[in-house]
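got a predicted structure plus its sequence, pasted below:
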Amino acid sequence: MPVIGKVVAVSKARVKVKKPAAAPLRDDYRAFAAAIGRLLRLSRAKRGMTRRQLAQASGASERYLAQIEGGQGNPSVVILESIARALDIPIIELLPRSNGRTAAMAEILDGLARVPVAELPALAELIERRAAQHMQVERGRRIALIGLRGAGKSTLGRRLADALGCPFIELDRLIEQDYGARIPDLIEMGGLATFRRYERTCLERVIDEHEAAVIATAGGIVSNAESYALLLRRTHTVWMRARPEEHMRRVMAQGDFRPMAHNREAMADLVAILDARRSDYARAQAELDTSDDTVEQSLAKLAEIVTNFTAGGEQ
């Protein structure tokens, strides 16, 4: 080969073709990706799912989920749909919106914007009166206790039911009886979405069969919009709460460490779950903090709340 030919050949071998650099994300795209990551973290925490569990259920890798949660991923619609299915939520809940209103609520708000300001108080009073009348009929004398494990739902719920002379129903125990397996096994075999369907079915039956009852629910029931809406509409709800360290102490005393078993960051996970669910729990009609009270003191406070419910009062 001529010398010039050799030089050209060597030059071609050494030259590397550079791919065009990826265009940096615009600030609004970066903010959008970060918002998706935040919604995913909150949705996962609300359900008490680890990233590994979500990866197994959705088919996405843990590393990719971490990237999405960190605002670094660029998930396709297909990936988001698989993640949403694993979380048992509509995909729209993983997409940032300019506001949290549904289409129906937006339409109502648009209509209210055209109403003279002087008429708004009368409309507000009408809506409140109609809602209160409807809710009172729908709820009957059913009391639902919501909140994280360790708040006293079972202990106080059983004693409250005895005092009221009505059944005490632990929804998780009813699910296990109906479907013949422990809750962790049901979730492992059928997935979280299947378990939530079981939970909804049992809740509907309890409400249909009992005009009066005290119902202790699983902490994660608030993560299913339909089940929680049913609970709020058809029962008087009380958020049983305690300080995170008190929740943890009571759970450990019960020998039940789900879903934090073998997790060295159990307290951090519990705080994250509580933070993610706080706004949902706060939709309950009343709250009861059991942190510093004895069982008898908490029971007295709970009984007073229930008395106001059944008397038509408000908390």
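Yep, it's here.

residues in contact with Phe195?
Ile175, Ile183, Leu186, Ile187 (C-beta atoms under 8 Å, 6 or more residues apart in numbering). (Each C-beta comes from the backbone N, C-alpha and C, glycine too.)

what's around the second one, how many residues?
Spelled out, it's Ile183. If you count neighbours by other C-beta atoms under 10 Å, Ile183 ends up with 17.

if we ignore the residues flanking it in sequence, what's nearest it?
Asp172 (5.5 Å; C-beta to C-beta, 6 or more residues apart in numbering).

ditto for the last one
The shortest distance from Ile187 to any residue other than its chain neighbours is 4.9 Å, reached at Phe195 (C-beta to C-beta, 6+ apart).

what strand or helix carries the one you found?
Element membership of Phe195 [criterion: DSSP states H and E] is helix 192-209.

please export the C-alpha coordinates of that helix as PDB.
Taking C-alpha atoms only, helix 192-209 is exported to PDB below (Å, rounded to 0.1, in the frame of the first residue of the first chain):
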ATOM      1  CA  LEU A 192     -51.600  -5.300  45.600                       C
ATOM      2  CA  ALA A 193     -54.300  -4.400  43.000                       C
ATOM      3  CA  THR A 194     -56.100  -7.700  43.600                       C
ATOM      4  CA  PHE A 195     -55.900  -7.200  47.300                       C
ATOM      5  CA  ARG A 196     -57.500  -3.800  47.000                       C
ATOM      6  CA  ARG A 197     -60.400  -5.300  45.000                       C
ATOM      7  CA  TYR A 198     -60.900  -7.900  47.800                       C
ATOM      8  CA  GLU A 199     -60.800  -5.000  50.300                       C
ATOM      9  CA  ARG A 200     -63.400  -3.000  48.400                       C
ATOM     10  CA  THR A 201     -65.700  -6.100  48.100                       C
ATOM     11  CA  CYS A 202     -65.600  -6.800  51.800                       C
ATOM     12  CA  LEU A 203     -66.100  -3.100  52.700                       C
ATOM     13  CA  GLU A 204     -69.200  -2.900  50.500                       C
ATOM     14  CA  ARG A 205     -70.600  -6.100  52.200                       C
ATOM     15  CA  VAL A 206     -70.000  -4.800  55.700                       C
ATOM     16  CA  ILE A 207     -71.700  -1.500  54.900                       C
ATOM     17  CA  ASP A 208     -74.700  -3.200  53.200                       C
ATOM     18  CA  GLU A 209     -75.200  -5.700  56.100                       C
END
